[in-house]
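Enquirer: Take a look and give me a structure for this.
(2 chains)
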2 protein chains.
Amino acid sequence: MRTLDRASAGASAAKAMLTVSRAQKDEALRLAAARLRGGAATVFAANAADVAEARAAGLPAAILSRLEYGEKKLGESLAMLEALARLPDPAGRVLEARRLDSGLVLRRVSCPIGLIALVFESRPDALVQMAGLAAKSGNAIIVKGGREAERTNRALAGIVGEAGVAAGLPPGWLGQVETRGEVAELLALDEYVDLVIPRGSNEFVRSVMETSRAPVLGHADGVCYVYVHGDADIGMAARVVVDSKAQYPAACNAAEVLLVDAAAAGAALPILASALEGAGVSLELCPVAYAALGPGPGRSLKDDGDWSVEYLGLRMAVKVVDSLAGAIEHINRFGSGHTDAIVCASPEAARRFMDEVDSASVYHNASTRFADGYRYGLGAEVGVSTGKLHARGPMGLDGLMTYKWRLEGDGHLVADYANGNKAFEHKDLPEMIGGRDGS
Amino acid sequence: MRTLDRASAGASAAKAMLTVSRAQKDEALRLAAARLRGGAATVFAANAADVAEARAAGLPAAILSRLEYGEKKLGESLAMLEALARLPDPAGRVLEARRLDSGLVLRRVSCPIGLIALVFESRPDALVQMAGLAAKSGNAIIVKGGREAERTNRALAGIVGEAGVAAGLPPGWLGQVETRGEVAELLALDEYVDLVIPRGSNEFVRSVMETSRAPVLGHADGVCYVYVHGDADIGMAARVVVDSKAQYPAACNAAEVLLVDAAAAGAALPILASALEGAGVSLELCPVAYAALGPGPGRSLKDDGDWSVEYLGLRMAVKVVDSLAGAIEHINRFGSGHTDAIVCASPEAARRFMDEVDSASVYHNASTRFADGYRYGLGAEVGVSTGKLHARGPMGLDGLMTYKWRLEGDGHLVADYANGNKAFEHKDLPEMIGGRDGS
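Expert: The predicted structure is shown next:
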């Protein structure tokens, strides 16, 4: 099938998804879990072949480990599918309701976006997760995984796709493309593809963002900052910055740069440096910090002016700034708009930082590592967006939803309002909000 | 100033807008109104020069009428600015709130998007309206109007921009570019421009959508449908379709195509045709409708298969469809996703139509002409979007807002939750929703 035909079939399936009931969507999730359990041997065999080939080709250990899909990852996939089946339906929620006039009621109601393209690198579990999110949210999906996981992805997509159809989802609700060329074609088909979600390395996500004509939701960079204000509790600051950097340094919400206010630097810098170095973090120090701390193992002078490096490891840049305003300006210039934290006592300083730092998540006295969908209590995590439109920061299923306006009247005409025979009432109906409408 | 510098200055102004208080934003609106009133003579003189030049160049009467900015349009501009000043602040509204754990509270709070580019054709009043919306919402804005309104736009932008600065908005909150080449450059600067809003003809909006690298919010097409179901009250159907088509046929929410169910066609077609023709509407009839109605003045046979024509005048296409499912499929294929209505008695048919028609607004027994921000009670109208992301259908000030996540803790660390010392509570705090946070 040509990519154009696949995309067109996916768009048709997206329309057909609108006819599927809540019960059918949840049944698709439960059936997918049951059939994955039943078909585990097929999936593991396909995965073993992929892993063997990748190993023979000399791919790095990190990629092999992401590629592997065994009993443990299967168990996580099944738990995720079953948890999704238990969540409330994100579609059909009344978000806004207003009586425009007697007998004329307007409701804004959540509904699926349509056709979503998921492009991801080697983790086959991402396929199951995104297919589950699509089934729950009522979107059709086209997936493209890494070439090295081709057999595994095909086995997983086959089982999950057929389970969905058996539960009543339309054929084509879960489509697959396999080559790079097909992905490039798919990303250009914005007439059919409503949304692209990329998962993978920064370079991978950036290349998807740069080439796609369809809107892309996600993040390429996570250059997060911790700023220690002049009045901060230094012990708390040390704990927060160590957690932000070292609790899991490969995550996008791990901090990369520590800003220390000049007012605190004399007392704070040695304590902060010692806490970070005690956690195994090497430091790249601005000239002021370097002069204050002096040389040491793992310490280096940073004078390249590049404060946007995402180390993703046990390495952190440190800079002394002269004021709260200076910290805000620096973060807005060099940060990636993901998550930034201030450690301070003053509520005024915290408020100003949180108002003026233009990032998806802004924190006071908390580790940047809290920025994810699970910790935010969003139910299911769809991803983290550093864009400002549609969804920002950690996204739950709401990231896969749009809304439509439903107006119900009794033959109401605009002419009656234009000529003054009738007047709008515009009475908000808050009691309807959160209720259910639609299938 | 180069376009790049203008965009960069606009992005800096957008950050500075985050420091402006609610009172300053409203004062900027009131001061702009007062100074426009005081500077009316300057504006009218500039406009007279633009109109004289346009007339001498032989521009069509429709453009001259849109270009004219006299006492009446000034009055509308002032009323709009004063009404905006009285609206509640769209920024700083708590949209979601959750206690993650003791002392760790997460709030999702509305905030401005950043830098918005408004590109529009000849109506100078659009400049005042969008500058007012930007001031109210706390966004910076760069405007580019039509070349034929250059003097008027420069006078208006000068007065409104300076009034804003006098009230405390940052210099550069209202920027201007004047040439087509500058617009093309601006639309490519997605590093600085967060959102583009085009206003003008379909071709103009479509060309902006096709060339912009920054996200565009708006609509090029308004191909709206009215479907008369088999069980419809024919009298109501006739009134709704006449209002949808003829109440103001140049609007994007005017209907362009009438679908009549085969089950009703025999009785309904003559009544609907006579009602439309009585309102001066000429009809392009599908072969089945043409055979049923026969020839007549203004009637023509439509056999080109193009059901996506936006007539924007007293002309309507008519097609007989064989079922509700056929109507839905036809609308999803040929409509523009703007506004579509069903006229029917059966609640089941209405529900199915509204669930499955994939449009921004779906109506039961109401005229498509209701689709606008004022009639929806949105306070201020920003535009109508046929995209599905961020904002869909008529947009109020919410279309110019994003949100950020504000997390306040007391030194909370992720390590404590990862190692099991603490557990998340995730208690929703509905009593905080709708409240105020931030400046």
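Enquirer: For the residue minimising distance to the centre of chain A, which residues are in contact?
Expert: In chain A, the centroid-proximal residue (CA atoms, centre = their mean) is A:Gly383; its distance is 1.4 Å. Residues in contact with A:Gly383 (CB atoms under 8 Å, 6 or more residues apart in numbering or on different chains) are A:Ile197, A:Arg199, A:Leu217, A:Gly218, A:His219, A:Gly373, A:Pro394, A:Met395, A:Gly399. (Glycine included, C-beta is placed from N, CA and C.)
Enquirer: which residues does the second one bridge with?
Expert: Going back to what we said before, that points to A:Arg199. Applying DSSP bridges to A:Arg199 yields these beta-bridge partners: A:Phe120.
Enquirer: mind checking how far it is from chain B?
Expert: Separation of A:Arg199 from chain B (CB to the nearest CB, to the nearest Å): 19 Å.
Enquirer: Can you report how many residues neighbour that residue?
Expert: Counted with other CB atoms under 10 Å in any protein chain shown, the neighbours of A:Arg199 add up to 19.
Enquirer: so it sits right up against A:Pro124, yeah?
Expert: No - in this structure, A:Arg199 is not within contact of A:Pro124 by CB atoms under 8 Å, at 11.5 Å.
Enquirer: and stretch A:237-244, how far out from the chain's middle?
Expert: The chain centre lies 24 Å from the centre of stretch A:237-244; the measure is CA atoms, centre = their mean, to the nearest Å.
Enquirer: can you check stretch A:46-63 too?
Expert: So, by CA atoms, centre = their mean, the centroid of stretch A:46-63 is 27 Å from its chain's centroid.
Enquirer: Give me the residues contacting it.
Expert: Contacts for stretch A:46-63 (CB under 8 Å, 6+ apart): A:64, A:67-70, A:122, A:124, A:148-152, A:154-155.
Enquirer: let's go with 7 Å and repeat that
Expert: A:Leu64, A:Leu67, A:Glu68, A:Tyr69, A:Ser122, A:Glu148, A:Ala149, A:Glu150, A:Arg151, A:Thr152, A:Arg154, A:Ala155 (CB atoms under 7 Å, 6 or more residues apart in numbering or on different chains).
Enquirer: Which pair of those residues spans the longest distance?
Expert: A:Leu64 and A:Arg154 (19.0 Å; CB to CB).
Enquirer: Which of the contacts of A:Gly383 fall in strands?
Expert: Among the contacts of A:Gly383, the subset assigned to strands under DSSP state E consists of A:Ile197, A:Arg199, A:Pro394, A:Met395.
Enquirer: The nearest residue to the last one once chain neighbours are set aside: what's it in contact with?
Expert: What sits nearest to A:Met395 in space, not counting adjacent residues and going by CB to CB, 6 or more residues apart in numbering or on different chains, is A:Val382, at 4.3 Å. Each residue near A:Val382 by CB under 7 Å, 6+ apart is listed here: A:Leu133, A:Gly373, A:Met395, A:Gly396, A:Leu397, A:Gly399, A:Leu400.
Enquirer: per-residue confidence at A:Ser439?
Expert: Looking at A:Ser439, its pLDDT is 39.
Enquirer: How about A:Arg213?
Expert: 88.
Enquirer: What residues does it make contact with?
Expert: Applying CB under 7 Å, 6+ apart, the residues near A:Arg213 are A:Leu187, A:Ala188, A:Asp190.
Enquirer: make it 10 Å
Expert: A:Leu187, A:Ala188, A:Leu189, A:Asp190, A:Glu191, A:Val193, A:Val196, B:Glu210 (CB atoms under 10 Å, 6 or more residues apart in numbering or on different chains).
Enquirer: now A:Val321
Expert: A:Val321 makes contact with A:227-229, A:259-263, A:265, A:286, A:288, A:327-331, according to CB under 10 Å, 6+ apart.
Enquirer: and the longest strand for chain A?
Expert: Per DSSP E, chain A has its longest strand at strand A:401-412.
Enquirer: Summarise which helices and strands that strand is packed against.
Expert: Secondary-structure packing of strand A:401-412 (3 or more CB pairs under 10 Å, 6 or more residues apart in numbering or on different chains; DSSP states H and E): strand A:94-101, strand A:104-112, helix B:234-246, strand B:339-343, helix B:347-356, strand B:361-366, strand B:393-395.
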